[in-house]
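*Asks:* Only the shape, not the letters, is given here:
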């Protein structure tokens, strides 16, 4: 684990909003390199030597773009900086970042919550004879999480692309924050995985059986969990990966804002 992350510390000090890929744990599991040279910090993917995030000038606490090439993912405020210094590379939409307030999930009254309120209750209503628990994963049960991931994969459309499968497996096996839904026979129904940075909790993954309305119930469990609420942070639930169904699903959770994330190419 990267204990002293100078890049994230510099973002926080400069008051720059982090995106979904900003966390110590993600940097570690994606094997990203932090390079410091002449007061400039770069986050590099060693596989292709690409800038994953905008370089930072730690002397002035600002972005630095004039000497670099491509940037895989920008940060809020980077475009204004790029315009200011006449940095005009090709801009391409990458994804959204859906931002939620966990406290808003404590009261699902009102028309805006109607669909999610009904759907998140249907899983338990259809499984009244089972007794479920939402708990931290134990070493004893961890060997069974692969079955859930396989069932989740099998439920996907064959044309649906799975992104960053190596990173997924690392979070699945070694994630610092993982909770599972189990029944009275210790059968795992789903797993939620997250990490965090100085501003947000990043909801990384939810893998569950293809039971109808289980994914809604897993989201409700995550957002109303005392471990999440007690952090007093908003949640960055990532994007939709170009999937219209996923976009519509996340819109029904009533985000408080949606950030657009872009890539830049020379």
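*Replies:* Yes, it's here. Note that this is a predicted model, so its numbers are computed, not measured.
*Asks:* Strand partners (parallel or antiparallel) of the strand ranked longest in the chain?
*Replies:* In the chain, with assignment by DSSP state E, the single longest strand is strand 90-100. Here strand 90-100 is paired, per DSSP bridges, with strand 234-236 (antiparallel), strand 257-265 (antiparallel).
*Asks:* Quick one: residues in contact with that strand.
*Replies:* The contact list for strand 90-100, computed with Cβ atoms under 8 Å, 6 or more residues apart in numbering, reads 19-20, 72-74, 79, 200, 223, 234-242, 247, 250, 253-266. In this view, the C-beta of every residue, glycine as well, is placed from N, C-alpha and C.
*Asks:* Packing partners of the lowest-mean-pLDDT helix or strand in the chain?
*Replies:* Among the helices and strands of the chain, helix 139-142 carries the lowest confidence by mean pLDDT, DSSP states H and E, at a mean of 72. Helix 139-142 sits against no helix or strand, with contacts defined as 3 or more Cβ pairs under 8 Å, 6 or more residues apart in numbering; DSSP states H and E.
*Asks:* quick revisit: report the buried members of the contacts of strand 90-100.
*Replies:* Buried members of these, counted by 16 or more other Cβ atoms under 10 Å: 19-20, 72-74, 79, 200, 223, 234-240, 250, 253-255, 259, 261-264.
*Asks:* which one is residue 254 nearest to, not counting chain neighbours?
*Replies:* residue 112 (5.5 Å; Cβ to Cβ, 6 or more residues apart in numbering).
*Asks:* Sorry, wrong one. I was asking about residue 30.
*Replies:* Nearest-residue entry for residue 30: residue 167, 5.5 Å, with adjacent residues in sequence omitted and distances by Cβ to Cβ, 6+ apart.
*Asks:* residue contacts, the one you found?
*Replies:* So residue 167 contacts 26, 29, 30 (Cβ under 8 Å, 6+ apart).
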